[in-house]
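Visitor: Need the 3D shape of this:
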Amino acid sequence: MASNAWFIPTVIAIICAALFLGILSAKKENGRLAEELNHTRSTIESYLLKKGTDNFAACTKDDAKKAGEIQTKQKKFSSLDVEFNQADAQKNELLKKERELNGELRPLTVDIKSLEKEVLRLEKELHNI
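Guide: Residues are numbered from 1 along each chain as shown. Sure thing, here's the model as predicted:
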């Protein structure tokens, strides 16, 4: 029984030593995994930051291009607006002249009709003579 007395504590001591070594190994592995995770996380963050910066630069460039196109179209629109207003003013002036000429033409039309009646009357007189 004396040999059994030291056997159980020795086995327990060996098991405790194995558990202690396992804990140290797991702790070391966890530290390594944490480092790897931090490295991966920083790599992803830097990649996303670079991608975001690139996208922002591309969008800014595209926005500047579109702003230039819009300014060009606004200038063209302003020019067309001026041309339209000039054409509208000319149209109104021509309509005014047309009304004036129509006003002058009405009395002449009445005179022509009365002269035509006079010509018909004179032709009848000539035929009657």
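Visitor: low pLDDT regions in this protein?
Guide: 1-3 (pLDDT under 70).
Visitor: for it, what spans make up the strands?
Guide: Ranges of strands within the chain: none, based on DSSP state E.
Visitor: how close does residue 31 get to residue 41?
Guide: 15 Å (CB to CB, to the nearest Å). Quick note: C-beta positions are derived from backbone N, CA and C, even for glycine.
Visitor: And residue 11, how close does it get to residue 4?
Guide: Distance check for residue 11 against residue 4: by CB to CB, it reads 11 Å.
Visitor: Neighbour count for the two, which is higher?
Guide: residue 11 (10 against 7; other CB atoms under 10 Å).
Visitor: who's in contact with the more buried one?
Guide: Contacts for residue 11 (CB atoms under 8 Å, 6 or more residues apart in numbering) come out as none.
Visitor: For the remainder of this discussion, apply numbering that starts at 348.
Guide: Let's use 348 as the start, then, which means that last one is residue 358.
Visitor: Residue 463: neighbour count?
Guide: By other CB under 10 Å, the residues close to residue 463 number 10.
Visitor: just residue 459 next, same as before
Guide: For residue 459, the count of nearby residues is 11 (other CB under 10 Å).
Visitor: Next: residue 387.
Guide: Using other CB under 10 Å, the number of residues around residue 387 comes to 10.
Visitor: Next: the one 4 residues further on.
Guide: Residues near residue 391, counting by other CB under 10 Å, number 10.
Visitor: Next: the one 4 residues further on.
Guide: A count of nearby residues for residue 395, using other CB under 10 Å, gives 10.
Visitor: Equivalent analysis for residue 393, please.
Guide: Close neighbours of residue 393, defined as other CB under 10 Å, add up to 10.
Visitor: got it, and residue 355?
Guide: Neighbour tally, residue 355, other CB under 10 Å: 9.
Visitor: Run through the helices of the protein in chain order.
Guide: Remark: helices assigned in the chain by DSSP state H are 349-475.
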